[in-house]
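>>> Quick one, what's the 3D model for this:
(2 chains)
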2 protein chains.
Amino acid sequence: MNIRRLADHLNISIGTVSRALNNRPGVHPETLEKVLKAATELGYVANQSGRSLRRGATNTIGFVIETGHPAHQAGDQFFYVVLDAMNLYLAEQRYDLVILPCHSADDPVEFLSRVIARGIVDALVMTATRRVDHRIAQLAKSKLPFMTLGRSETPGNYSWIDLDFEGVARRSVQEAVKLGHRRIAVGLPDNDVALGYHYKAGYLKGLAEAGIPVDESLLIRVPTSELGGFSLGKQVAGMAGQPTALLLCSEVTAAGVYAAFAEMGIEAGRDISVVAFRENPLMRFLNPAPACFRLDLDALGTRLGETVLDLLSPDEEIGRRRGEIVPLTFVQGKSLQPPRNPA
Amino acid sequence: MNIRRLADHLNISIGTVSRALNNRPGVHPETLEKVLKAATELGYVANQSGRSLRRGATNTIGFVIETGHPAHQAGDQFFYVVLDAMNLYLAEQRYDLVILPCHSADDPVEFLSRVIARGIVDALVMTATRRVDHRIAQLAKSKLPFMTLGRSETPGNYSWIDLDFEGVARRSVQEAVKLGHRRIAVGLPDNDVALGYHYKAGYLKGLAEAGIPVDESLLIRVPTSELGGFSLGKQVAGMAGQPTALLLCSEVTAAGVYAAFAEMGIEAGRDISVVAFRENPLMRFLNPAPACFRLDLDALGTRLGETVLDLLSPDEEIGRRRGEIVPLTFVQGKSLQPPRNPA
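Numbering: from 1, shown residues only, chains lettered A, B, ... in the order given. Below is the predicted model of the structure:
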């Protein structure tokens, strides 16, 4: 679908369609919406030739982030390190990287329509993947190759890389059970981000393996942020039938949990054990040191670069879409101790 | 300077020059270097017409960050919030924002040559500004309008916005002196980033006003990171003639300073007072709460958006290049107490 056919289909001038697709002023909001909707549905691509797209029309890879939600995926310095390694790999292959920020008041689907329409990248890496992700359906209709950081249940012709949230949760339960814990709480995201489902699945699997019945009151949903962690810590510490252990699906909540515990005179490990998610530099300043999981961010960034360039390969086998789960390594920490009163 | 004249000047084919400027494969490294150097020196711009550039050839603003150095400017969630507000403002004006990451192994000047050459943005916001910044000289030669977040001593036709590092340092000294401190240490960046000079200037001004002689051993240079803060805390606590107060020019070092103090049985405020830089969400989890400075990140982001679009205005007065210093508000905290043994 090229711009002329899109204009014909809409019965709007090419000039207006072009202005709408390129986010230029002077287009009536209703017209803008109509153009972007049709462009998405009809699979419009800025650079019409699939061949030239394949060979790399721009030699640029786009990395889509959502600002205003610092911890959607992992927050803080995660992206700085991952992007650096990915950028380095892409540069070696003579590709440039641009980060495309979708701001918090924007509609992610409309944002993506503009990105697709403007044809500024050869392929996209999507982040903050949802379990049901409309952006995937939208991208699948366009001819723009893409991959996601994080799995989704929305089908489409794309590759993905995900951290092993399920494996981490299951292992966290196993480590806690090994020490005698049976009343194990878990902090989960309060939104539809896919990692929450995988983390929960691993948690439930771990409980089932240990023959521990599920207590729904121990599944606590909070924003993935420092303040969310603070609320989580308060809730867990204040529960009737206090849990003996708490598992975290994100590292950004850890400092908040520790602060809430400190306010209530509770010490991680001694009173309530904590297993955090990804080890990060700030964690070494939490006392006692959190049990957590190690992830090689450099390797992840490089792998993202390899995977997104594979999408562009004319070689059918290399270009085949694939999914990959990245394992994390358990790191002992004093925040995980046997419960004071084993069940 | 257009591509044909650049090719003529270099006596290289237009095709090769184009491939070099667009970072495409098959260009000999020496040729690449020659082309980029000439493009920079001769002020090549991708879109030749100054008029069309002025009107916005791409309707896109570029924001240059350096990855691999998480805390060059401010680190962590600073950029997420600032970029969100800036992006929102730009979207209202129908401009898109792209973030252009320069990776740690890349040469910032060469990186910028590619950005300029590819003509993908109408204007640039530069970050991690150095006191002497070669990128400014380079941009000044190109026709691409730009502004910097952070001042520089390198002259050029650009606008800038800077946080009031000097004012913050001076006020920090004043607050400490008011309580009786005279032996006041300061943590400074270990690189050429401009903020370090301004912070130091404010510190020296504050000392001079209080009639306190400068003790060079109290000016401590560390990396602007959590680990840098840890090293800083250890050094200060371990000094013969321990300082009674410590001022921080970045918020990312605070957690490290607190951790080092904890290891050495030192409490912020009671034993050594601490005045941190920017208040951030993590700080409320440091105990005792750090004295620090409040910055409205939303307002800063919006101001960046306004300032960069002003560069593109055909109105001479609006388009005039200007500098702006953003003040921060002092926030009391228990980390700042009178010294135990006032001088």
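>>> give me the number of residues near residue A:332?
10 (other C-beta atoms under 10 Å in any protein chain shown). Where C-beta positions appear, they are placed from N, C-alpha and C, glycine not excepted.
>>> pretty sure it is touching residue A:291, no?
Yes - counting by C-beta atoms under 8 Å, residue A:332 does reach residue A:291; the two are 6.0 Å apart.
>>> For the helix or strand residue A:308 falls within, buried residues please.
Assigned by DSSP states H and E, residue A:308 falls within helix A:297-310. Neighbour-count burial for helix A:297-310, counted by 16 or more other C-beta atoms under 10 Å in any protein chain shown, picks out A:297, A:298, A:300, A:301, A:302, A:303, A:304, A:305, A:307, A:308, A:309, A:310.
>>> Stretch A:259-267 too?
Neighbour-count burial for stretch A:259-267 flags A:259, A:260, A:261, A:266 (criterion: 16+ other C-beta under 10 Å).
>>> Now intersect the residues you listed with the helices, please.
A:259, A:260, A:261 (DSSP state H).
>>> Could you tell me the per-residue confidence at the second one?
The predicted local distance difference test score for residue A:260 is 94.
>>> Look at residue A:98 and give its secondary structure.
Judged by DSSP: H, G, I helix; E, B strand; the rest coil, the three-state class of residue A:98 is strand.
>>> residues contacting it?
Residues near residue A:98 by C-beta atoms under 8 Å, 6 or more residues apart in numbering or on different chains: A:60, A:61, A:62, A:63, A:120, A:121, B:98, B:99, B:100, B:101, B:120.
>>> Give me the neighbour count for the fourth one.
Per other C-beta under 10 Å, the neighbour tally for residue A:63 reads 25.
>>> Wait, a strand at it?
Yes - counting by three-state DSSP, residue A:63 is found in a strand.
>>> Tell me the bridge partners for it.
residue A:99, residue A:125 (DSSP bridges).
>>> what's the spacing between the helix or strand where residue A:175 lies and its chain's center?
Assigned by DSSP H and E, residue A:175 falls within helix A:165-178. Centroid separation for helix A:165-178 versus its chain: 20 Å, with C-alpha atoms, centre = their mean, to the nearest Å.
>>> go on, stretch A:135-143?
How far stretch A:135-143 lies from its chain's middle: 18 Å, per C-alpha atoms, centre = their mean.
>>> Any part of the helix holding residue A:308 near chain B?
No - Helix A:297-310 lies out of reach of chain B by C-beta under 8 Å from any C-beta of the partner chain, never closer than 9.4 Å.
>>> what are the bridge partners for residue A:147, then?
Beta-bridge pairing for residue A:147 (DSSP bridges): residue A:125, residue A:159.
>>> okay, now it: neighbour count?
23.
>>> so what's it up against?
The neighbourhood of residue A:147, defined by C-beta under 8 Å, 6+ apart, consists of A:123, A:124, A:125, A:126, A:158, A:159, A:160, A:161, A:304, A:307, A:308, A:311.
>>> Between those residues, which sits nearest residue A:246?
Closest approach between the contacts of residue A:147 and residue A:246, by C-beta to C-beta: residue A:161, at 27.9 Å.
>>> Run a quick neighbour tally on the closest one.
Residues lying near residue A:161 (other C-beta under 10 Å) number 21.
>>> which one of the contacts of residue A:98 has the most neighbours?
Within the contacts of residue A:98, residue A:121 tops the neighbour count with 29 neighbours, counted by other C-beta under 10 Å.
>>> Is it correct that that residue is in contact with residue A:57?
No - in this structure, residue A:121 is not within contact of residue A:57 by C-beta under 8 Å, at 9.0 Å.
>>> rewinding a little: mean confidence for the helix holding residue A:308?
96.
>>> just how off-centre is that helix within its chain?
15 Å.
>>> Relative to residue A:21, how far out is residue A:6?
8 Å (C-beta to C-beta, to the nearest Å).
>>> repeat for residue A:332
Residue A:332 is 54 Å from residue A:21, by C-beta to C-beta.
>>> Beyond the helix or strand that contains residue A:276, next helix or strand please.
Here residue A:276 sits within strand A:273-278, counting by DSSP H and E. Counting by DSSP H and E, the next helix or strand C-terminal to strand A:273-278 is strand A:291-294.
>>> what lines up beside that following strand in the sheet?
Assessed with DSSP bridges, strand A:291-294 is paired to strand A:273-278 (parallel), strand A:329-331 (antiparallel).
>>> want to throw these into JSON lines with distance to residue A:318?
Listed next are the strands paired with strand A:291-294 as JSON lines, based on distance: least, C-beta to C-beta, whole Å:
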{"stretch": "strand A:273-278", "distance to residue A:318": "30"}
{"stretch": "strand A:329-331", "distance to residue A:318": "29"}
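>>> Could you tell me how many residues sit around residue A:128?
As a measure of burial, residue A:128 has 23 neighbours, counting by other C-beta under 10 Å.
>>> ok, now residue A:107?
11.
>>> who's in contact with it?
So residue A:107 contacts nothing (C-beta under 8 Å, 6+ apart).
>>> Can you tell me how far it is from residue A:66?
11 Å.
>>> Measure how buried residue A:284 is and give me the count.
For residue A:284, using other C-beta under 10 Å, the count is 16.
>>> likewise the one 4 residues further on?
Around residue A:288 sit 16 other residues, with neighbours defined as other C-beta under 10 Å.
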